[in-house]
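1. turn this into a structure:
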Amino acid sequence: MPWWASLYIAFILMSLPFGLVTIHRLEQDLLHPVGGLVSSLLSVSFVMSYFLPELLPYQGIQTWLLLGFVLGWDGYSFLRLKDRLSEVIEQAGESVDMQGASFFVGLILILPAYIWGFLVCIRAVA
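-> Below is the predicted model of the structure:
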């Protein structure tokens, strides 16, 4: 595995606790942090499987279901957290535009995992 892919995996794993704590504080339940944990770990496994297919040999159509879960959960989480953060910011009496920059930064950071997941899915059914 290239060093930059290992660095990317390390970045995802290091940001995971902050994300889980933030989601738990905003949602006050266990479903959202557990869903975020599963989505992040699946994203990491897609990256690892792309470079080390003998270590994580995804095979079959169910791989597409896993990628679908990751994409669906991340999309749902983005929409849900955008609404919850807007509520929290309004309650604090501040105004922040969260539409533009935060969405694109998040998308750029997670896009490589989606691409590697897509490539792993293609290889899994081929």
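2. from here on, contacts and neighbour counts on C-alpha atoms
-> Will do.
3. which stretches of this protein have low pLDDT?
-> 92-100 (pLDDT under 70).
4. what's the helix or strand for the most centrally placed residue in it?
-> By CA atoms, centre = their mean, the mean C-alpha position of the chain lies nearest to S40, the distance being 4.6 Å. Applying DSSP states H and E as the criterion places S40 in helix 31-51.
5. can you name the next helix or strand after that helix?
-> helix 62-91.
6. name the residues of that next one that are buried.
-> 63-64, 66-67, 69-71, 73-74, 77, 80-81, 86 (16 or more other CA atoms under 10 Å).
7. contacting residues around I9?
-> V44, V47 (CA atoms under 8 Å, 6 or more residues apart in numbering).
8. offset the numbering so it begins at 729, please.
-> Shifting the count to begin at 729 puts that one at I737.
9. ok, now how distant is it from L783?
-> To L783, I737 is 15 Å away according to CA to CA, to the nearest Å.
10. what of S771?
-> Taken as CA to CA, the span from S771 to L783 is 15 Å.
11. quick one, which of those two is more surrounded?
-> The neighbour comparison of S771 against L783 (other CA atoms under 10 Å) goes to S771, with 25 against 11.
12. with that, I have no additional questions.
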